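# after the sequence you'll find the predicted model.
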Amino acid sequence: MVQTQTHCYHLLGLSESATLTEVKRAYRRLARTMHPDAGGDHARFAEITAAYNVLTGRSAPAKAAPRPRPDEDFDRDAAFADFRRRAANFRTRTGTAAQPDSAAQPEGDAPVEDAPQAEHASVDGLETAQVTPEVPCRPGLWARLRSRLRRARVRAMDGTDVRTPLSVDLEMLLRGGERLVSVERLITCPSCAGQGSELCVCGGQGRVLTREKVKVVVPAGARPGAQLRLRRKGNEGVAGGATGDLYLDLQPIEIDGYLREGADLRGTREVPTTLARQGGALAIPTPWGSVRLDVPPGTRDGMRFRLPGQGLPRWQGAGRGELYLLVAVR
Ligand SMILES: [Zn+2]
């Protein structure tokens, strides 16, 4: 369908004073969300593509009207060509589509004169290219203006909490200590300062996923199910939203041969019949090392011994639990 020039501009969300570059940019932006492959509406996509073709001279408008004036925004086109080249390289590397590297061709305005199909290919490439953090933001006057517009539309959103397990070894269980924990969290995009510029590494989200080392002080006596909370170490918010918290789910090591009940430990020890009858000394392994247990003469099967302070440190309390031994005379 042939459309009027004015209608074409409006379809792309532009005024009639828009430059050729702005037309191309607007089309790319819309195509990214409206392409049927991206879940867009087919008819609507066809409409903006037709408008794009009119404004770039690929098909004739209903009424003769001046084409958009060329402008000096060469740098942005070069940047986009660079973008396309990287995307093409990426596709070639991954074997999705072995296409010739467009970098071999002189760049400038040439790549954007491709057929609309090629534009779509580069739109796919844009999505892929978001994972390669080599594309710098180019904050210019236009970017600043646009980000101001965007800021007005972006709704503030609080960052969510981040939750991650943390295994606690014997040393940390008995004495506590510091640990550097590797945590994945969303932070404000450093390239665009959270403005969400389209060509930024954050893909316009304003946040990027990072892996950070966070220093954690783990108290002694960690229990299964215990958690530590680090305020404002979760995901950062959007547009001034609050930062979430980081929760560490502690997963303490088990103590070989013993059942844990809070800070207390319970276990069974086999005692030879002769030693039980006559009495004697036994070496008992505990989390703290080996201790000596004096077995009195006449010890019977089923008797229980208490080893004070040989259990685990009390979680967020003072002192240690006990170690209880059940005697099994064999
Ligand atoms: Zn960014």
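Cool, the structure landed.
# strands of this structure, start to end?
162-168, 177-188, 207-218, 227-230, 246-252, 259-261, 264-271, 280-286, 289-295, 304-307, 323-329 (DSSP state E).
# which one of the ones you listed lies closest to the ion?
The ion lies closest, by C-beta to the ion, to one member of the strands of the chain: strand 207-218, at 6.8 Å. Just so you know, the C-beta spots here come from the backbone N, C-alpha and C atoms, and that holds for glycine as well.
# what about that closest one, near the ion?
No: counting by C-beta under 5 Å from the ion, the ion has no neighbours in strand 207-218; the shortest distance is 6.8 Å.
# between the strands of the chain, which one is nearest to Met34?
Nearest to Met34 among those is strand 207-218; the distance by C-beta to C-beta comes to 24.1 Å.
# output the closest one as PDB, restricted to C-alpha atoms.
These are the backbone C-alpha positions of strand 207-218, laid out as PDB (Å, rounded to 0.1, in the frame of the first residue of the first chain):
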ATOM      1  CA  ARG A 207      21.100  -2.400  34.300                       C
ATOM      2  CA  VAL A 208      23.600  -5.100  33.600                       C
ATOM      3  CA  LEU A 209      24.300  -8.500  35.300                       C
ATOM      4  CA  THR A 210      27.600  -8.600  37.000                       C
ATOM      5  CA  ARG A 211      29.400 -11.100  39.200                       C
ATOM      6  CA  GLU A 212      30.900  -9.600  42.300                       C
ATOM      7  CA  LYS A 213      32.900 -10.700  45.200                       C
ATOM      8  CA  VAL A 214      31.100  -9.700  48.400                       C
ATOM      9  CA  LYS A 215      32.900 -10.000  51.800                       C
ATOM     10  CA  VAL A 216      30.800 -11.800  54.400                       C
ATOM     11  CA  VAL A 217      31.500 -12.300  58.000                       C
ATOM     12  CA  VAL A 218      30.000 -15.700  59.000                       C
END
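# packing partners of that strand?
Other elements packing on strand 207-218 under the criterion 3 or more C-beta pairs under 8 Å, 6 or more residues apart in numbering; DSSP states H and E are strand 162-168, strand 177-188, strand 227-230, strand 246-252.
# including distance to the ion, could those strands go into JSON lines?
Formatted as JSON lines, the helices and strands packed on strand 207-218 follow (distance: least, C-beta to the ion, whole Å):
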{"stretch": "strand 162-168", "distance to the ion": "20"}
{"stretch": "strand 177-188", "distance to the ion": "9"}
{"stretch": "strand 227-230", "distance to the ion": "25"}
{"stretch": "strand 246-252", "distance to the ion": "23"}
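# buried deepest among these, which one?
Using mean count of other C-beta atoms under 10 Å, the stretch among those with the greatest mean number of neighbours is strand 246-252 (a mean of 19).
# and the contacts of that strand?
Residues external to strand 246-252 that are found in contact with it (C-beta atoms under 8 Å, 6 or more residues apart in numbering): 161-168, 173, 181, 183, 185, 214, 216, 218, 222-230, 233-234.
# sounds good, over and out.
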